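# Fold the following and give me the result.
(2 chains)
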Amino acid sequence: ILNVEQSPQSLHVQEGDSTNFTCSFPSSNFYALHWYRWETAKSPEALFVMTLNGDEKKKGRISATLNTKEGYSYLYIKGSQPEDSATYLCARNTGNQFYFGTGTSLTVIP
Amino acid sequence: NAGVTQTPKFQVLKTGQSMTLQCAQDMNHEYMSWYRQDPGMGLRLIHYSVGAGITDQGEVPNGYNVSRSTTEDFPLRLLSAAPSQTSVYFCASSPISGTGVYGYTFGSGTRLTVV
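Modelled structure (predicted):
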C-alpha cells in the first residue's frame, strides 16, 4: 500500500492560534518525506525534506517532525497568520517516485 | 533564473486531438517528472526521467508519452486526447534522482480541458 494520508482535510483557525496537521504513510521502503506549501493560483513550494527517523526541521513559525518507524509526520504552525492560508501537501519518496497526499487546506481568519 | 517553465498555461482540445505540453528547466536538474492534479485526489505521477535518454512510468501513464532528449526539456505528449485527461498538469524537477533528499521545483501548471 503506497497511500499517503493527510488529516484533517481542511482547517479554519483564528489569527494567532497554533495548529498542526498529520501525514501518515507506509513505513516500508522509505527514503524521504517532503512537505510543500501550495497557495491558490500558484505552484507548490518545498518547505521541508526529512529523511531520518526523529528528524525535526524548522522554518520561521513552521516546523515538522518525522517518525519513520510508525509512519507519520506532523507539521506545526505557531501563531498562525492570514498569509499562512494555503494547502499543505506531504509526499513520500520511495526512490524515484513520489506519492502525494491530498493535502490539508488551512484558512487563517483575521 | 526562470526555474521550471511550462507552456501553454491553458488549452482546450477536442476528443481525439493530439498535443504536447512543454516543460523546460534551466537549473541543470537531473530528475524531471509530470503530475496530474484532479479534484479530491493528490498529485499523481504520470512519467518521470532520471536523466537525458532515460524515462519511466509513474502511477498513471496510460494515454501519455514522454521523451528526454536533453537535460533541460521534458515534453508530455497526449496522442489522442480523451475527456478523462481533463486535468491540471504540473511539471516538477529536482537536482538528483533516486534519493528524494531534494525538494521539487514545480512549474506553474497547464490547465487542460478535453471536450
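# and the lowest-mean-pLDDT helix or strand in chain A with chain B, contact?
The weakest-scoring helix or strand in chain A, judged by mean pLDDT, DSSP states H and E, is strand A:98-100 (a mean of 90). Yes - applying Cβ under 8 Å from any Cβ of the partner chain, one finds strand A:98-100 in contact with chain B at A:98-100. Quick note: C-beta positions are derived from backbone N, CA and C, even for glycine.
# what's next to that strand, contact-wise?
A:2-4, A:25, A:34, A:89-92, B:33, B:35, B:42-45, B:59, B:100, B:104 (Cβ atoms under 8 Å, 6 or more residues apart in numbering or on different chains).
# beta partners of A:Phe48?
A:Trp35 (DSSP bridges).
# Do I have it right that B:Asp26 meets B:Gly3?
Yes - the pair B:Asp26 and B:Gly3 qualifies as a contact (Cβ atoms under 8 Å) at a distance of 7.2 Å.
# between these two, what contacts are shared?
Contacts common to B:Asp26 and B:Gly3, judged by Cβ under 8 Å, 6+ apart, are absent.
# For the residue positioned nearest the centre of chain B, give me its contacts.
Among the residues of chain B, the one closest to the centroid is B:Trp34, at 2.6 Å (Cα atoms, centre = their mean). B:Trp34 is in contact with B:21, B:23, B:45-48, B:58, B:64, B:66, B:74, B:76, B:89-92, counting by Cβ under 8 Å, 6+ apart.
# redo that, cut-off 6 Å
Contacts of B:Trp34 were listed using Cβ atoms under 6 Å, 6 or more residues apart in numbering or on different chains, and they are B:46-47, B:76, B:91.
# For chain B, what lies in contact range of chain A?
Proximity of chain B to chain A (Cβ under 6 Å from any Cβ of the partner chain) is limited to residues B:42-43, B:45, B:97-98, B:100-101, B:103, B:106, B:108.
# Quick one, which of those residues are buried?
B:42-43, B:45, B:97, B:100, B:103, B:106 (16 or more other Cβ atoms under 10 Å in any protein chain shown).
# could these be laid out in CSV, adding pLDDT and secondary structure?
As requested, those are arranged in CSV below (pLDDT from 0 to 100; DSSP: H, G, I helix; E, B strand; the rest coil):
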residue, pLDDT, secondary structure
B:Gly42, 84, coil
B:Leu43, 92, coil
B:Leu45, 93, strand
B:Ser97, 66, coil
B:Gly100, 74, coil
B:Gly103, 87, coil
B:Phe106, 95, strand
